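Colleague: Need coordinates for the following:
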Amino acid sequence: MADHNGKHLLFIWKSSGYELREADGEVPELGSKVAVDDGEEQVIKIAPSPLPNDPRLCAYLQAL
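Modeller: Residues are numbered from 1 along each chain as shown. From the prediction side, this is the model:
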């Protein structure tokens, strides 16, 4: 999948809600594992950014 300006977003579910982070490089592939803080999470969805007028893609993550 194409990225925009070498950046994408990570949508990280937390017990207190969620966190949206900017990350460098191409958006990770569906099903791949991504290092987050002290662990790994799996990409469960790739979608457009949830931010208005933002052309970047967003990888939605789920804790393993």
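
Colleague: Quick one: end-to-end length of stretch 48-57, please.
Modeller: One end of stretch 48-57 to the other measures 5 Å (C-alpha to C-alpha, to the nearest Å).

Colleague: Start at 527, not 1
Modeller: Understood, numbering begins at 527; the last thing we discussed is stretch 574-583.

Colleague: Just give me the longest strand of this structure.
Modeller: Ranked by number of residues, the top strand in the chain under DSSP state E is strand 565-574.

Colleague: I'd like the next helix or strand past it.
Modeller: strand 583-589 (DSSP states H and E).

Colleague: Can you pull the poorly scored residue ranges out of this protein?
Modeller: Applying pLDDT under 70 to the chain flags residues 527-530.

Colleague: tell me which element the residue most central in space within the chain falls in.
Modeller: Geometric centre of the chain, nearest residue: Leu536, 2.2 Å, by C-alpha atoms, centre = their mean. Here Leu536, judged by DSSP H and E, is contained in strand 533-540.

Colleague: just checking, next helix/strand downstream of that strand?
Modeller: Following strand 533-540 toward the C-terminus (DSSP H and E): strand 543-550.
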